[in-house]
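> give me coordinates for this.
(4 chains, ligands or ions: 4)
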Amino acid sequence: MAERVGNRAVIRRLAGWDRAIIALLVAFLVVAALTVDNFATGRNLSFLVLDLAPILLIALPMTLVVVTGEIDLSVASTLGLSSAVMGAMWQGGLPIETIIPLCLLLGLVLGAVNGLFVTVFGLPSLAVTIGTLALYRGLALVVLGDAAVAQFPGAYTSLVTGRTLGLPNLLLPLLVLSVVFAVVLHATPVGRSLFTMGAGVDAARFAGIRVARTKFWLYVLTGGVSALAGVLWTLRYASARADNGSGLELAVVAAVLLGGVSIFGGRGTLWGVVAGATLLAALQNALRLADVSTEALTVVTGLLLIVSVIAPNAAGAIRSALLRRRGGPTPPAAGEPSDPPPTTSPSVPSTSVRSS
Amino acid sequence: MSAETVPRLAVRTVTKSFGAVAAVRGVSLELRAGEVHALVGENGAGKSTVVAMLAGVHRPDSGTIELDGRPLRLDTPAAALAAGIAVIYQEPTLFPDLTVAENVVMGRQPTRSFGRVDRAAMNALAADLFDRLGVAIDPDRPARGLSIADQQIVEIAKALSLDARVIVMDEPTAALSPVEVRRLFAVARTLRDGGAALLFISHRFEEITALCQRVTVLRDGALVSSDPIGELTVDEMVRRMVGRPLSALFPKREVPTGDVLLSVEGLGRRGLFSGVSFEVRAGEIVALAGLVGAGRSEVVRAVFGVDPRDSGVVRVGGRELRAGDPRAAMAAGVALVPEDRRQQGLVLEASVARNATATRWRSLARFGLLLGGTERRAAREWTARLRTKYADLDDPVARLSGGNQQKVVLAKWLSTAPRVLIVDEPTRGIDVATKAEVHRLMSDLAADGVAVLMVSSELPEVLGMADRVLVMREGRLVAEIPRDRADEESVMRAATGQEVAA
Amino acid sequence: MTAPQETAEPAGRTPDKTAASRVAVLLRARELGIVLALAALVVVTTAVNPRFLSAQSVRDLALGAAILVVLAVGQTVVVITRNIDLSVGSVLGLSAFATGSLLQAAPGTPVVLALLVGTLVGGLCGLVNGALVRFGNVPALVVTLGTLYVYRGVCFFWAGGQQINADELPPAFLGFGTATLLGVPWLLLIALAVVLVAGFALRSYRSGRELYAMGSNPRAAVLAGVPVGRRLLVAFTVSGALAGLAGVLFAARFGTVDAASGTGDELEVVAAVVVGGVAVFGGSGTVYGAAVGALLLTTIGSALPVLAIDQFWQGAIVGALILAAIGTDRAVAARVAARLRRREAHRG
Amino acid sequence: GGTTRDSVEAEQPGPAGEPAATADPNAPTREGLKIAFLPKQLNNPYSDVETGGGEEAVTELKGEYKLVGPNDASASSQVSYINTLIQQQQDVITIAANDANAVCPSLQQARDAGIKVVSFDSDAAPECRDVFINQATTEGIGQGLVQMASTLAGGQGEIAILSATPNATNQNAWIEVVEQELQKPENSGLQLVATVYGNDDDQKSFQEAQGLLATHPNLKVIVAPTTVGIAAAARYISGSEYKGRVAVTGLGLPNQMREFVKDGTVAQFALWNPADIGYLAGYAGAALASGQITGAEGETFSAGKLGEYTIGAGGEVVLGPPTVFDASNIDQFDF
Ligand SMILES: Nc1ncnc2c1ncn2[C@@H]1O[C@H](COP(=O)(O)OP(=O)(O)OP(=O)(O)O)[C@@H](O)[C@H]1O
Ligand SMILES: Nc1ncnc2c1ncn2[C@@H]1O[C@H](COP(=O)(O)OP(=O)(O)OP(=O)(O)O)[C@@H](O)[C@H]1O
Ligand SMILES: [Mg+2]
Ligand SMILES: [Mg+2]
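Ligands and ions are numbered 1, 2, ... in the order given. Sure, this is the predicted structure:
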């Protein structure tokens, strides 16, 4: 029996893709530090953190969204719109101390719009957020056109780009936020309910969890954080533009999936995502330093993503193989071909033929 | 003729287990041409699993299946269809977006020149089948929104359209009204006389005696007996299914009933049920009986607030409940153990601990934080109380046997210390021993002054446990029968509405 | 019980019919809605600037739409199976560059062969997607997001910064980009052919219907003996092949090909499909709807400059339109469901 | 109160005054200099020709040539590359800025790290670079464009401008001059009916050209001061019914335009030799890194085959007047 249990532990470790990705990250950092010149320097760290910041920041709430079985593709456009509005208001002579809160507020509103469509009207989040992706980016162009607003106060820009005691200023806030999100997701009733509704909406509703309400507020949160990312982006480049951060949504989704979160919801860990995002950023940074071409960067990103989804299944296959040899229980149906079916949407609708 | 000697379809000592659950253990069956063969057994006895193996959905762990004496590999449903085995599944499996006709002939559509699908022929074919079954369903309408009964009809039409040599029916009548059942039987007999071999599964003995020539009894996945129908009385059948005299099963206790805890007035939901009113008192066990599809689950779901309601009021201990708000119901002390364990009761991929505490995270949290320890302790306490068997609290609950899964659901709800406990099909798909435990548990709760409302399709359970039996038919509450006057006949009459016809 | 049931039967048939036909109307009305929107847009634009309907500008419109239409058809085939293909933009770029370099190397290559090569390249990419989804048993969204990066990267590697200019392409091929048959541009004819063939196959062939079945209820599809795995491969291969074809059309139309061609098209295509009334959850929708959706998006694209509307509004309008489209889609579905449920009530 | 734009501008330092360091014209040109080129984006034929010239210069100078850049013309990805170059301790960064201000902070960091910064083609904010290599004087180009347009339009008629992105510094400067020129009496016949932006994206420019002709039936000339725009416009016209009625001119690459000059769509267009820009930038970078110049007005340095150059106001070095190409001379050029 004891042998059995030990074996099970081994198997569980095999299954945890998030752990694998963390190990991968550590390994990569070590190798890069040893082999790539100028990688392990304070200045490079701050560059790394600056490139990582927007992706990781948005990936935090996005993880929660994906865990509930939904998705939000409009984050990058929200970033762009808040950046554009920031620029317009700065141009208009408003004080930055007023602008930033207003931008965050705007983000909350934009998120609420997504939430409204997804929860109240019950539309598929993929379609909705593709729509708002176009809408918000469009509005950004309406607000600022193709103009670029600059001359943001040095005090603020250097706050974002600067370093204290050799450490980039953004590092600490990012760490704190990550920890907060991790605690919320993994150690609070809310976090538990997120997993539950992602793994089984029915079961969640029967357990008295307010699915729609929770999802709505998640979208609001995502919007707010995306707007914050927009503000940071603007200050970092000291330049507000409508096209800021375009295409970032795919990078964020990539980071989340790479972190081992199931696109169908219900499975994933936050530290896995943090590791995933960091791995992507570090990889790009190191490969650039090693004069690897942009083309290679793109390919590597794609391959990593594909591996990240196939690996857990492979692990699952190995797991069940091991267990079968041990004559033990086979894993839950989750891994069987048509269950869950490959789908465009994290949330597979009930396939039963029921009215209403 | 060889049909006499060689069975059309033979199942030889097949075994199938799902994780810990040994669903089928060394079962053998022989289906002969021109014969309807009944397969009976309690919920969870393994009937549908046998069916699944004949249908190529599950592969037997061991044992063989022979067609006309030749061994047959059924790796996929396609293979089974190719072999001429048609299956009516217990749960309807339709394509909501496609028309009814397409659902009937999917993959085998009649074609015109250049292999084009011939819609006219397709609709005609379906219409013809529906006429044979004597129902009016427009072949050209989408399947979405069909009532559970019509869904079942379409499933039957699907099987007929194959004009297969072996036809397997897993509780085809569960959702049908007597009229439709009579028509189905007529069709089944013509098929039988046409030389097809039929396997028929049902929980209704009158149907079995009316239609079948042989009956095979399963208990806990194992074969009990297989005899000609004439040599077996219904009581004997039941005894073999259950393995002991019924009476021993239901540890009903007489308890003085207190004041009204749950009162429902004029509850209604468009298209599903209407004008449902009843009361449940402290210490009382009230059964909600009726045929599958009568709307019992809909009613209790509406009471608990998971489903919306169009009309009516629900009071708990005199205070009115907000409609469509399960959390309010929970706060008022209501608990609902839902009908569908795998969909509604559990998150199969989540751990035992998570599932067992799913209703109590808020109360378990300290300073808003849920640290593994408290959760595991709470889970361990309650799973122990219900004598749940599992290897590890962190195992996904899907690895547990059906019965133990049901215990986890019960633990999840009993741990909220409800004043009103609603259980929907509490013993569906769980083994005999557990069933007894569940019943004992319900009696104990009633004794402690809990008001229990039990939805059940199992008459013995209803008769054995209930102080009062409420009977529903087609979304209406048609009868209220006190314990002393409640017997199989009175309840079935009310449920099937025969006294109306008479 | 018996008697009322019996008598109800014949009566039952009539509400059935009418309800069904009403359903049919409503469902068709969804595509009709887009057609009307398109018509309205054209009318308004023409009213403001009559030259919008001049032969030249209509031709430009058609040429522009052709490419997106072809992409949308491919995407539809995948989406009705409850999957998605995000890699089409990259596949388009790859195939465009492949054909470009082929023609550059061998200017003598007949146009037909070029079309075939491009389609083949795309088909291969699609097959890879399909294989990953089927055998890796992983969500299409993730796989095709990954191959979106991979294919694009491969394309960049291959191009290595080189751009193929009009003067390096054989005039015959460039001519094909604008040439017409009886006044109708070839590109448009090809797009129309694709739509009609795909629409016909999806409606009138078993394999087509099985794609809908897979999207409508995957489990039931397996039970009905549908060869789900094979159909999946086919669907993705078709989508890839059409993206490849679109790549060739792109090269012919724009004459200049570099590694970045078609970047970001995927979301526009998905938008076109969604606007065209194809359900993201699969099982319903037609290539005709998707084609009209594509046409509508392109028309907006070229109408707004003509209307002298600030070009920056275009994105916003497209976005609002998508939301409106899926919103109506949902509303229609809900109304149908409600009507049917009420009918059940009357019958019961 | 709070920090507003005005309060910030009040304390903003003006463009870099005279650099502290003093130039030593006779200092020897250092060898093995690490000179990196960061164009607006890779895979763009124009930048490829430019950086090609740069590579030539760096090899002549026995330096280490490096070419990096994003595949999309976005400022943010350019910044990442600047950071990388800082880490790699290059001696010179030669950049064509996608956004004058967005790249500024990182360029500052580069200069703090002792790296010389040369901007070419499209300037970065003056306070963040040492020297700007200007392809031609803004006036020169603006007047050139108007002259070509007026000859093609026969002195009068509607003309339109198809530009790159509205925040491309150089484009806007030229367009400004064009508008001033059109005020002059001798150009009173020409009226500028529209200015549209193709974002240096082939497809977009193509559609904008379509839009122009749909909106302005009597259009006589499309002036596209961008190589992408002029090629797209020419290609559209040559394939449309407008061929022969509407003229296209502006700034283009001979290799891209040859076909259209041959088929008569384009009578004449202009451009400096982009290779020379890269070449000059390379030499300027080397001169900076060797301490021969500091970027102050009036300093001079030699640029190999191009000869002596003098730094003008605001650290600008002007390459020289553009060449006008037409059917007669186009075959003598290959870039
Ligand atoms: N896919 C599965 N995974 C795990 N256990 C399963 C699965 N399917 C069935 N079981 C278990 O196998 C046992 C037999 O199930 P089965 O459905 O065959 O019973 P049944 O006789 O059909 O019951 P009913 O009369 O309710 O239909 C049950 O305990 C059930 O929980
Ligand atoms: N009109 C309908 N359309 C689709 N599904 C239905 C419909 N009516 C009932 N069902 C489903 O069929 C199953 C049985 O019907 P229902 O639960 O309403 O009656 P019941 O008496 O509770 O049956 P059971 O004996 O299963 O509890 C339930 O899961 C219910 O959700
Ligand atoms: Mg069963
Ligand atoms: Mg029920």
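> give the contact list for C:L86.
C:L141, C:T144, C:L145, C:L148, C:E266, C:V270 (C-beta atoms under 8 Å, 6 or more residues apart in numbering or on different chains). In this view, the C-beta of every residue, glycine as well, is placed from N, C-alpha and C.
> surely B:L421 is in a helix?
No - under DSSP: H, G, I helix; E, B strand; the rest coil, B:L421 falls outside any helix and is assigned strand.
> my guess is it contacts B:V438, does it?
No - judged on C-beta atoms under 8 Å, B:L421 makes no contact with B:V438 at a distance of 11.6 Å.
> low pLDDT regions in the stretch 101-250 of chain D?
By pLDDT under 70, the low-scoring segments of the stretch 101-250 of chain D are D:166-169.
> which residues in it form helices?
D:104-112, D:138-153, D:169-183, D:202-215, D:227-238 (DSSP state H, counting those that start in this stretch).
> ok so, going back, neighbour count winner among B:L421 and B:V438?
Counting neighbours by other C-beta atoms under 10 Å in any protein chain shown for B:L421 and for B:V438 shows that B:L421 has the greater number, 28 against 22.
> on that earlier part again, can you say which of the helices of the stretch 101-250 of chain D is packed in most?
helix D:227-238 (a mean of 28; mean count of other C-beta atoms under 10 Å in any protein chain shown).
> center of the chain - which residue?
I went with chain A, as the question did not name one. Nearest residue to the geometric centre of chain A (C-alpha atoms, centre = their mean): A:A59, 2.0 Å.
> was after chain C, sorry
Nearest to the mean C-alpha position of chain C, by C-alpha atoms, centre = their mean, lies C:A72 at 1.3 Å.
> how near is the residue nearest to A:V128 when sequence neighbours are not counted to C:I326?
Leaving aside its sequence neighbours, A:V128 sits nearest to A:F117 (C-beta to C-beta, 6 or more residues apart in numbering or on different chains; 4.3 Å). For A:F117, the distance to C:I326 (C-beta to C-beta, to the nearest Å) stands at 8 Å.
> name the residues contacting each of the two.
A:L123, A:V128, A:G131.
> right, and D:H216 touches D:A160 too?
Yes - judged on C-beta under 8 Å, D:H216 makes contact with D:A160 at a distance of 6.4 Å.
> mind checking which of those two has more residues around it?
More crowded of D:H216 and D:A160, by other C-beta under 10 Å: D:A160, with 26 against 17.
> got the contact list for the more buried one?
By C-beta under 8 Å, 6+ apart, the contact set of D:A160 is D:L192, D:V193, D:A194, D:T195, D:V196, D:L212, D:H216, D:L219, D:V221, D:I222, D:V223.
> the third one contacts D:I159, correct?
No - D:A194 lies out of contact with D:I159 (C-beta under 8 Å); the separation is 9.0 Å.
> out of those two, which sits in the busier spot?
Using other C-beta under 10 Å as the criterion, D:A194 and D:I159 rank with D:I159 on top: 27 against 18.
> distance of the more buried one from D:M257?
Remark: distance between D:I159 and D:M257 (C-beta to C-beta) = 19 Å.
> ditto for C:F236
In terms of C-beta to C-beta, C:F236 sits 41 Å off from D:M257.
> with D:K184 instead?
The value you get for D:K184 to D:M257, if C-beta to C-beta is used, is 28 Å.
> who's more crowded, the two?
D:M257 (29 against 10).
> what residues are up against that one?
Contacts of D:M257 were listed using C-beta under 8 Å, 6+ apart, and they are D:I230, D:A231, D:A234, D:V266, D:F269, D:F325, D:I330.
> pLDDT averaged over the helix or strand containing it, what's the number?
Assigning secondary structure by DSSP states H and E places D:M257 in helix D:254-262. Helix D:254-262 carries an average pLDDT of 86.
> distance between it and the chain's centre?
Relative to the centre of its chain, helix D:254-262 is centred 20 Å away, using C-alpha atoms, centre = their mean, to the nearest Å.
> tell me how far the helix or strand just after that helix lies from the chain's centre.
Counting by DSSP H and E, the next helix or strand C-terminal to helix D:254-262 is strand D:268-271. Per C-alpha atoms, centre = their mean, the displacement of strand D:268-271 from the mean C-alpha position of its chain is 15 Å.
> and the residue of the stretch 51-200 of chain A nearest chain D?
Closest contact between the stretch 51-200 of chain A and chain D, by C-beta to the nearest C-beta, is at A:P95 (2.5 Å).
> next, that residue: phi, psi?
phi -70, psi 140 (degrees, to the nearest 10).
> what's around it, how many residues?
Counted with other C-beta under 10 Å, the neighbours of A:P95 add up to 16.
> ok, it to ligand 3 distance?
Distance from A:P95 to ligand 3, counting by C-beta to the ion, to the nearest Å: 70 Å.
> surely that residue touches D:R5?
No - here A:P95 lies out of contact with D:R5, judged by C-beta under 8 Å, at a distance of 9.1 Å.
> shaky segments in the stretch 1-150 of chain A?
In the stretch 1-150 of chain A, residues with pLDDT under 70: A:1-16.
> again, but for chain C
Residue ranges of chain C with pLDDT under 70: C:1-30, C:161, C:308-311, C:329, C:333, C:336-337, C:339-348.
> can you give me the strands for chain A?
For chain A, the strands defined by DSSP state E cover A:163-164, A:167-168.
> how many neighbours does the residue in the stretch 201-348 of chain C positioned nearest to ligand 3 have?
In the stretch 201-348 of chain C, no residue comes nearer to ligand 3 than C:L223, which is 14.8 Å away by C-beta to the ion. Look at C:L223: counted by other C-beta under 10 Å, it has 24 neighbours.
> noted, bye for now.
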